[in-house]
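Student: Would you be able to build a 3D model of this:
(one chain, ligands or ions: 1)
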Amino acid sequence: MDILSSTLGNHANFNPTTTIDSVVSSLQLLATVASFVNVSWPENSPVQENMLDKKLVNGPTSEYHCDKGPFSVKPQSNNELFVEKNRRMLKGYSELGMNILEDPFVPMPNGTGELYLNIKGDKKQSRRASTAEEYLLPIKNNDNFHILKEAQVIKILINDNKEAIGVRIATKFGRINVYADVEVILCAGVFNSAKLLLLSGIGPKKDLERLDIPVVQDLPVGENLQDHVFVPVVLSGQSNVISALDTVVSLTELSSFPAPIVSGFFSSSTGTLDLQHITVLFGTLSPLIFYIMTVNFNYNLEVSTAYYLTDPEKEKIFSLVALTKPESRGRVTLRSANPFDPPKIFNNFFAAEKDLERMIDAVKKIKSLENTPEYSDVEGRFIRPPLPECDDLEYHSEDYWACYVKSMATTIFHPASTCAMGLVVDNNLKVKGIKKLSVADDSIMPFMPRGTTGMVSIMIAEKAADIIKKEHGKTEGFEDFPCD
Ligand SMILES: Cc1cc2nc3c(=O)[nH]c(=O)nc-3n(C[C@H](O)[C@H](O)[C@H](O)COP(=O)(O)OP(=O)(O)OC[C@H]3O[C@@H](n4cnc5c(N)ncnc54)[C@H](O)[C@@H]3O)c2cc1C
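Tutor: Residues are numbered from 1 along each chain as shown. Model prediction:
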């Protein structure tokens with residue numbers, strides 16, 4: 001297991017003796033990179049969960065749940081430390097006018113509810129259910145499954161017939177060419193799949209010519225970059241010194257995310273469920289809020305310290321407010337023709353004016369939690385972070401909120417769509433105009449999913465495996481949905 005995990009950061013999905021089965025195995029490798037929370041996906045997903053809460057499997061929304069799939073999933077209420085705090089957070093949202101959903105993992109979930117977490121095992125034996133364990137472990141001894149460690153693909157080899165014949169890999173022993181018997185499947189992620197296509201002459205003609213890369217196929221690779229941009233809104237809640245203890249205990253409790261967490265979808269005045277909040281309650285003086293702000297999201301020390309130390313005797317309620325369906329489009333392009341240079345990434349958040357308006361609406365709405373009885377009864381309030389660039393603007397003016405949003409905006413790490421289906425690949429994941437070359441990762445999404453992208457990566461890998469099986473007449477495990 002350790003050996004497998006250690007290879008995930010630089011797996012090479014291509015091997016010299018590729019057979020149909022080994023291509024399928026390689027695709028399953030793609031699935032190893034996505035894990036994290038809430039793998040449940042309602043809209044006819046080929047991802048099959050193993051929902052551990054029987055109430056959901058047998059309840060009114062049973063058609064959206066499965067208890068026979070590879071991924072263990074359970075609601076957070078299984079942890080009694082969090083039940084009361086989740087209830088309070090949900091009460092605040094209900095007083096704000098949001099629906100409270102018993103089960104938020106249904107199509108068009110208009111409201112707020114508990115998150116489901118993909119965690120397997122009981123109590124102290126618990127651990128995050130991962131694609132590495134569920135997909136790779138069962139096949140790790142297969143003869144046709146190989147992982148090349150400490151290796152970086154630097155180019156796709158394409159012959160004069162515009163047919164992909166293999167890849168060039170840089171290893172610590174030097175560069176080697178690896179040839180594919182069947183086809184090459186690129187799963188290097190949103191930035192690096194685009195980068196590899198560009199390095200191989202597949203991309204916008206003008207960009208390639210600028211770097212003297214011979215043009216093999218003129219395609220809009222790297223364009224159409226999308227992401228879930230978010231802005232934090234932090235409120236102080238009730239004084240609760242005991243919750244400092246809960247914070248410590250919950251860190252040792254492996255059967256759930258280490259803090260109470262709820263999430264929901266809501267609409268701005270210009271969209272339908274175009275906004276999401278993910279709300280975490282941090283116990284009094286919990287250092288987790290400081291850690292998350294600095295390490296996870298890279299905020300500066302002034303902002304992170306303000307969230308940590310303002311109203312120190314109180315709980316902090318951190319809402320990550322995100323645009324689920326952004327209109328802005330960014331792009332990824334090469335910095336140089338050197339494969340070891342990172343690509344240039346232009347997020348272009350808020351390039352579309354409407355995105356800024358929607359985010360301002362969303363921030364104001366979540367901030368107004370402070371006016372609900374749940375918060376005003378305990379003198380809960382919005383914590384204004386120090387933003388010197390906004391100081392000259394009148395607090396609460398539209399200009400101030402625009403400045404707040406632009407200063408505080410960052411990514412939830414859901415980039416997608418740089419090799420979008422329809423623009424770069426066809427609906428069978430084949431790169432347009434090139435034979436025997438497919439892409440199977442988040443870069444192929446034409447649009448952002450409403451929820452997290454990791455679960456969609458797994459769906460893409462599952463679907464890609466089915467496409468390959470179908471093309472080669474393999475029926476075993478084809479469209480094998482355990483709960484159908
Ligand atoms: C901090 C963070 C938190 C997240 N939280 C969640 C969450 O809670 N829920 C959720 O659903 N999603 C979450 N995501 C998103 C999720 O991780 C992605 O959607 C998913 O991993 C994308 O899968 P992918 O296969 O497209 O690309 P990746 O996971 O990026 O995989 C690409 C792989 O290709 C390898 N690679 C790249 N270039 C080369 C090369 N040249 N040669 C060889 N190998 C190469 C990389 O090392 C990597 O292993 C999170 C992401 C981040 C960064």
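
Student: need the helices for the chain, in chain order.
Tutor: Secondary structure of the chain (DSSP state H): helices located at 2-7, 20-30, 54-58, 80-95, 131, 189-199, 205-210, 242-252, 287-291, 301-309, 353-367, 373-376, 398-408, 454-471.

Student: any chance of those in a markdown table, with distance to the ligand, mean neighbour count and mean pLDDT too?
Tutor: Bear in mind the C-beta positions are built from the backbone N, C-alpha and C, glycine included. Formatted as a markdown table, those follow (distance: least, C-beta to the nearest ligand atom, whole Å; neighbours: other C-beta atoms under 10 Å; pLDDT from 0 to 100):
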| stretch | distance to the ligand | mean neighbour count | mean pLDDT |
| --- | --- | --- | --- |
| helix 2-7 | 9 | 13 | 22 |
| helix 20-30 | 5 | 23 | 32 |
| helix 54-58 | 19 | 15 | 90 |
| helix 80-95 | 17 | 18 | 92 |
| helix 131 | 9 | 24 | 85 |
| helix 189-199 | 3 | 24 | 98 |
| helix 205-210 | 18 | 14 | 98 |
| helix 242-252 | 18 | 15 | 76 |
| helix 287-291 | 13 | 17 | 91 |
| helix 301-309 | 17 | 17 | 96 |
| helix 353-367 | 20 | 20 | 97 |
| helix 373-376 | 27 | 17 | 97 |
| helix 398-408 | 18 | 18 | 98 |
| helix 454-471 | 2 | 22 | 89 |
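
Student: At which residues are the strands of the stretch 251-400 of the chain located?
Tutor: Listed in chain order, the strands found in the stretch 251-400 of the chain under DSSP state E, counting those that start in this stretch are 261-266, 275-282, 314-323, 330-333, 344-346, 381-382.

Student: Of all the helices of the chain, which one is nearest residue 426?
Tutor: Closest approach to residue 426 among the helices of the chain (C-beta to C-beta): helix 454-471, 10.6 Å.

Student: Hey, what's the angle from the closest one to helix 189-199? Just curious.
Tutor: Angle, helix 454-471 to helix 189-199, by axes from the mean of the first three to the mean of the last three C-alpha atoms, to 10 degrees: 50 degrees.

Student: what about helix 454-471, distance to the chain center?
Tutor: Relative to its parent chain, helix 454-471 has a centroid offset of 17 Å by C-alpha atoms, centre = their mean, to the nearest Å.

Student: for the chain, which spans come out with low pLDDT?
Tutor: Per-residue confidence for the chain (pLDDT under 70) gives these ranges: 1-47, 77-78, 123-124, 478-479.

Student: Domain ranges for it, per the record?
Tutor: Here the domain parsing of the chain from automatic domain parsing is 2-35+131-225+415-471, 76-121+229-325+350-408.

Student: okay, how far is it across the longest one, tip to tip?
Tutor: What that stands for is domain 76-121+229-325+350-408. Length of domain 76-121+229-325+350-408, first residue to last, C-alpha to C-alpha, to the nearest Å: 28 Å.

Student: With stretch 281-293 instead?
Tutor: Span of stretch 281-293 from end to end, C-alpha to C-alpha: 14 Å.

Student: So what's the gap between it and the chain middle?
Tutor: 22 Å.

Student: now the closest residue in space to residue 227 that isn't next to it in sequence: how far from residue 261?
Tutor: Closest residue to residue 227 apart from its sequence neighbours, by C-beta to C-beta, 6 or more residues apart in numbering: residue 415 at 4.7 Å. Residue 415 sits 23 Å away from residue 261, going by C-beta to C-beta, to the nearest Å.

Student: Residue 384 too?
Tutor: Computed as C-beta to C-beta, the residue 384 to residue 261 distance reads 24 Å.

Student: swap in residue 93?
Tutor: From residue 93 across to residue 261, the span is 13 Å (C-beta to C-beta).

Student: likewise residue 294?
Tutor: 19 Å.

Student: Give the burial count for residue 435, as a bare number.
Tutor: When neighbours are counted by other C-beta atoms under 10 Å, residue 435 registers 14.

Student: check contacts around it.
Tutor: Applying C-beta atoms under 8 Å, 6 or more residues apart in numbering to residue 435 gives the contacts 161, 162, 163, 164.

Student: All the strands of the stretch 101-250 of the chain, residue numbers only.
Tutor: Under DSSP E, counting those that start in this stretch, the stretch 101-250 of the chain gives strands at 111-114, 116-117, 119-120, 127-128, 151-158, 164-171, 174-179, 184-186, 202-203, 217-218, 223-225, 229-239.

Student: Pull out the buried residues from the first one.
Tutor: By neighbour count, and taking 16 or more other C-beta atoms under 10 Å as the criterion, the buried residues in strand 111-114 are 111, 112, 113, 114.

Student: Packing partners of it?
Tutor: Packing partners of strand 111-114 (3 or more C-beta pairs under 8 Å, 6 or more residues apart in numbering; DSSP states H and E): helix 80-95, strand 261-266.

Student: Next, format the ones you listed as CSV and append distance to residue 465.
Tutor: Formatted as CSV, the helices and strands packed on strand 111-114 follow (distance: least, C-beta to C-beta, whole Å):
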stretch, distance to residue 465
helix 80-95, 37
strand 261-266, 30
